[in-house]
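>>> Okay, sequence plus prediction incoming.
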Amino acid sequence: MGLTPTDVLAFPKIQAIVRDNGTADVIVAGNSRAVARAGSLQQLRENALALVVGEAKTLNRAVRVAIDDPEGHGELIVSPDGSTESVSYAPKPVRRRIREAATTAAPRVAVVTQTAPVAPAQPHTAPGPAQSGLNSEAAALTGTTAPTGTTMPPSPETVTAAAPAVEDAPARRSLKETSFLVSAPVLEPATQGWRGTLTRLGLRMDPSEEELSERKDVRTVSQHWPGPRTIAVVNRKGGANKTPTVVMLSAILARYSGAATVAWDNNESQGTLGWRTEKGSHDRSVLDLIEASRTLLSPGTNAAEIAKFVHHQTADKFDVLRSDENEEGDHEVTAEEVDIAHQVLTRYYRLVVMDSGNTARAANWRRMIDHTNQLVVPVTAIEDRAEAARLTLQTLEARGGHDAELARNAVVIVSESTDAKRSMSGDALKRARDEAQRIADGFAPFVRAVVRIPYDPALVNGPIRYEALQPATQRAWLAAAAAVAAGF
């Protein structure tokens with residue numbers, strides 16, 4: 001191959017970690033992908049290398065990978081054709097294992113060394129009381145039985161004897177094992193419905209099952225998690241509610257958790273997320289952010305500098321990174337540009353919610369999936385949208401590894417059709433609800449969660465605002481956001 005580390009870019013940072021418990025991960029730009037298990041350590045290494053080769057093929061160039069396995073650590077250069085070249089390698093020092101003590105104490109053993117000369121044999125005589133005691137002690141030390149009437153001579157050999165067992169003192173519990181604090185949370189009284197009304201009048205009432213369920217969802221979306229998380233909202237069919245889903249999830253998670261949240265329009269060319277959200281005081285997009293990435297990633301850059309590139313949503317408390325709005329439409333975001341933008345955003349935000357285009361083969365779409373922690377598949381209750389969602393999940397599952405795991409743990413969000421609602425016909429409304437339920441039931445066995453969203457005119461046209469939704473729609477989106485957050 002003939003390449004040196006100076007010839008190969010160190011970006012994105014790639015690590016391959018192989019463990020002696022039979023698991024392995026390949027980490028690309030901070031995003032971990034589980035390696036398929038194998039029957040041997042060598043096969044596990046080969047499976048990890050296959051993922052790295054896939055990264056090299058995606059970037060169409062050689063990559064550097066840091067290796068850490070039970071036998072050593074080092075660095076490799078991996079080319080798209082699968083060839084490798086070692087840059088460095090150092091074996092790990094052999095560690096001495098300390099055996100744990102047995103749970104039951106063994107008898108203490110006394111070691112006695114006898115160096116006195118052997119005395120002449122004595123004639124056979126009937127033993128007296130003193131001789132009998134001496135013979136018994138000798139038998140106990142040597143493990144042999146002396147004939148009656150025989151005096152056992154001292155032996156120069158080393159012999160062992162069991163010392164009397166020492167009784168352990170009674171075990172005393174540690175103060176760490178107890179606490180005076182009450183661990184069960186105090187149930188707050190009802191605040192909703194007639195129960196809430198009676199509580200406000202002075203008669204304390206417990207909350208209903210519906211209110212308890214809502215409180216549980218609020219707790220779920222309010223949690224903080226270690227490290228940034230990336231959500232990808234995907235469906236290869238247009239009109240499947242991708243953009244409203246991105247806005248609603250971003251708004252709810254930002255409102256309840258308080259985590260810095262950005263919605264990123266990762267369309268291949270020009271997306272519509274910027275049309276459905278507030279525009280800031282500038283026209284910058286993802287391409288401007290990528291161009292300024294070196295400055296934004298430098299240690300001395302102030303966190304507020306990111307505001308020059310994103311559009312803040314004043315009511316819903318999240319930011320929007322718009323797609324390129326060049327009228328020429330002559331730039332398609334590459335996989336490496338997705339890496340750069342994602343690295344910048346995960347420095348400034350704890351939560352990244354990615355909108356997507358309709359081409360699962362596009363480089364930026366595939367790279368988005370590599371960075372994804374939780375997959376969300378929105379679908380309207382129309383056959384072709386549902387079929388496109390199924391094919392999207394099927395494509396990811398067929399790719400195996402990280403992609404297949406995302407498909408199996410996906411959250412499908414089924415929204416009722418808008419056409420039936422516009423007609424306001426009772427039969428049409430029932431058919432729309434039945435169709436939404438049929439589609440939801442169809443996805444349920446294949447994904448982690450399915451959530452239904454009722455029709456709401458506030459989601460059809462214009463800028464999307466959480467407060468503009470009807471209460472039932474807000475509650476449904478809260479449940480959807482909780483299902484997503486449960487995957488973090």
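Happy to help now that I have it. Numbers count the residues shown, from 1 in each chain.
>>> Which helix or strand contains the closest residue to T314 other than its chain neighbours?
Excluding its sequence neighbours, the residue lying closest to T314 (C-beta to C-beta, 6 or more residues apart in numbering) is E278, at 6.5 Å. (Each C-beta comes from the backbone N, C-alpha and C, glycine too.) Secondary structure assignment for E278, by DSSP states H and E: no helix or strand.
>>> so E278 makes contact with F318?
No. In this structure, E278 is not within contact of F318 by C-beta atoms under 8 Å, at 10.3 Å.
>>> Pull up the overlap in contacts between those two.
Residues touching both E278 and F318 by C-beta atoms under 8 Å, 6 or more residues apart in numbering: H312.
>>> When these two are compared, which one has more neighbours?
Set E278 next to F318 and count neighbours by other C-beta atoms under 10 Å: F318 wins out with 27 against 15.
>>> Let me see the contact set for that one.
Under the criterion of C-beta under 8 Å, 6+ apart, the neighbours of F318 are 250-251, 253-254, 261-263, 312.
>>> go with 6 Å
By C-beta atoms under 6 Å, 6 or more residues apart in numbering, the contact set of F318 is 250, 254, 261.
>>> What's the local residue count around the closest residue to A315 other than its chain neighbours?
Leaving aside its chain neighbours, A315 sits nearest to R465 (5.9 Å; criterion: C-beta to C-beta, 6+ apart). For R465, the neighbour count with other C-beta under 10 Å is 16.
>>> What of the one 10 residues further on?
For R475, the number of neighbouring residues by other C-beta under 10 Å comes to 16.
>>> Report the separation between the residue nearest to A315 and N31.
Distance of R465 to N31, given as C-beta to C-beta, to the nearest Å: 32 Å.
>>> repeat for Q270
Q270 is 26 Å from N31, where distance means C-beta to C-beta.
>>> R433 now?
Taken as C-beta to C-beta, the span from R433 to N31 is 39 Å.
>>> Likewise for A66?
Separation of A66 from N31 (C-beta to C-beta) stands at 15 Å.
>>> show me where the stretch 251-400 of the chain has helices.
286-291, 293-296, 335-348, 363-371, 383-399 (DSSP state H, counting those that start in this stretch).
>>> Any idea which of these gets closest to M205?
Among the helices of the stretch 251-400 of the chain, helix 383-399 comes nearest to M205, with 42.1 Å by C-beta to C-beta.
>>> what distance separates the closest one from the centre of its chain?
Between the centre of helix 383-399 and the centre of its chain there are 23 Å (C-alpha atoms, centre = their mean, to the nearest Å).
>>> what about E332, how many residues close to it?
Number of residues near E332 (other C-beta under 10 Å) recorded here: 15.
>>> swap in the one 5 residues further on?
For E337, the neighbour count with other C-beta under 10 Å is 20.
>>> what's the spacing between the residue nearest to T314 and D339?
Taking C-beta to C-beta, one finds E278 at 28 Å from D339.
>>> cool, A440 as well?
From A440 over to D339 the distance is 35 Å, taken as C-beta to C-beta.
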